[in-house]
Each structure stands twice: as structure tokens, then as C-alpha cells.
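*Asks:* I would like the atomic coordinates for the input below:
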Amino acid sequence: SGGSAFRLLSVVSDELDEPVGPHAGDIHEFRTGTSDTSGLLRAQRSKPPADRIYTLEYEGADLAGNMAGCTTTVAVGPSR
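*Replies:* Down below sits the predicted model:
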């Protein structure tokens, strides 16, 4: 039936975000609840040499009303 719409449900990091200060805000410009596919993610890691992993979760629908979800990850680390 073809695609209808999709939306970003969440963007999270596996490392804690500092709520204030010079290193606050690991995730910027992603708008959940919309069809947003671009934004900014902090590359700095708090526990080197391990990778920092961001997980983005989406939900989509087709014209028949069938729903499906998908998850993708972005890894930032020494091997990237």
C-alpha cells in the first residue's frame, strides 16, 4: 500500500548527560514526535576507550494503517 508516515520516538545515549555546565546536552536538535532524521550528537566519551552509543527509535505506518518500528545506533569511539 506504500508508506504513509513515520516519527522519531526517542534518542538516548548509553552515558549519563550532565544536566548543567560546559558538557551539558549530548543530544541536540532532534525533535521527538516528528519525522526528524537529523540533529547533533556529542562525540566526546566519558569512559574512554569504550564507545559512546546513541540509540534512535522510530515508528512508521503504511497507507493501510499497519505499524512497524525500527531502531538504529550511532557509535562514537576510538575505532570510528
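*Asks:* Was I right to think residue 32 contacts residue 10?
*Replies:* Yes: using Cβ atoms under 8 Å, residue 32 makes contact with residue 10 at a distance of 6.1 Å. Any C-beta I mention is one placed from the backbone N, CA and C, and that applies to glycine too.
*Asks:* Surely residue 39 touches residue 27?
*Replies:* Yes: using Cβ under 8 Å, residue 39 is in contact with residue 27, at 6.8 Å.
*Asks:* what touches both of these two?
*Replies:* residue 11 (Cβ atoms under 8 Å, 6 or more residues apart in numbering).
*Asks:* what ranges do the strands span in this structure?
*Replies:* 3-13, 27-28, 40-41, 52-62, 67-76 (DSSP state E).
*Asks:* deepest of those strands, which one?
*Replies:* Across those, the average number of neighbours (mean count of other Cβ atoms under 10 Å) peaks for strand 52-62, which reaches a mean of 16.
*Asks:* contacts for that strand?
*Replies:* Contacts for strand 52-62 (Cβ under 8 Å, 6+ apart): 1-15, 26-27, 30, 41-46, 67-77.
*Asks:* again, only using 7 Å
*Replies:* With contacts defined as Cβ atoms under 7 Å, 6 or more residues apart in numbering, strand 52-62 is touched by 1-15, 41, 45, 67-77.
*Asks:* now the angle between strand 3-13 and it, please.
*Replies:* Strand 52-62 and strand 3-13 meet at an angle of 160 degrees, taking axes from the mean of the first three to the mean of the last three Cα atoms, to 10 degrees as the criterion.
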